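Asker: Sequence and predicted structure, then a few things I'm wondering about:
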Amino acid sequence: MTEQEAKRYGEEYLYDLTCAVCKVEDKHKDFVRLSIKALEKQIPKKIIHHKNRLKNKMGCFITEEYWECPCCGRIHEEYYSFEYCDCGQRLDWGNEE
Ligand SMILES: [Zn+2]
């Protein structure tokens with residue numbers, strides 16, 4: 001089972017729990033909800049690449065380049081691909097040109 005499949009399974013399971021006639025403990029629903037959230041972070045999300053051409057104080061054009069986490073919005077200026085953001089989100093660097 002992949003993380004994607006596990007997440008889908010969890011969502012369906014949570015849906016069944018919500019519809020269940022018998023009383024399900026909130027604790028149990030919270031557990032499933034949190035598990036789905038944790039799984040979501042394991043599924044790579046494409047990192048947002050920013051590349052801007054700016055004019056500096058001297059009037060020269062410079063290129064400003066940075067990456068943004070799609071989950072927490074944290075800005076990364078490291079020039080190498082790393083697998084996880086500090087927030088725990090797994091990152092997909094795609095095909096960088
Ligand atoms: Zn992040």
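Answerer: Perfect, thanks for sending it.

Asker: For this protein, which residues are neighbours of the ion?
Answerer: Residues of the chain lying near the ion by Cβ under 5 Å from the ion: 69, 71-72, 74, 85, 87, 89. All C-beta spots, glycine's among them, are computed from the backbone N, C-alpha and C.

Asker: Now these in a markdown table, please, with extra columns for secondary structure, neighbour count and distance to Ile36.
Answerer: Converted to a markdown table, the residues of the chain next to the ion look like this (DSSP: H, G, I helix; E, B strand; the rest coil; neighbours: other Cβ atoms under 10 Å; distance: Cβ to Cβ, whole Å):
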| residue | secondary structure | neighbour count | distance to Ile36 |
| --- | --- | --- | --- |
| Cys69 | coil | 18 | 19 |
| Cys71 | coil | 16 | 14 |
| Cys72 | coil | 11 | 18 |
| Arg74 | coil | 12 | 22 |
| Cys85 | coil | 21 | 19 |
| Cys87 | coil | 11 | 16 |
| Gln89 | coil | 21 | 14 |
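
Asker: how is the protein carved up into domains?
Answerer: 3-42, 45-92 (automatic domain parsing).

Asker: Skipping adjacent residues, who's closest to Cys87 in space?
Answerer: Leaving aside its sequence neighbours, Cys87 sits nearest to Cys72 (Cβ to Cβ, 6 or more residues apart in numbering; 4.0 Å).

Asker: again with Leu17
Answerer: Val24 (4.9 Å).

Asker: swap in Lys7?
Answerer: Nearest to Lys7 is Leu39, by Cβ to Cβ, 6+ apart, at 4.4 Å.
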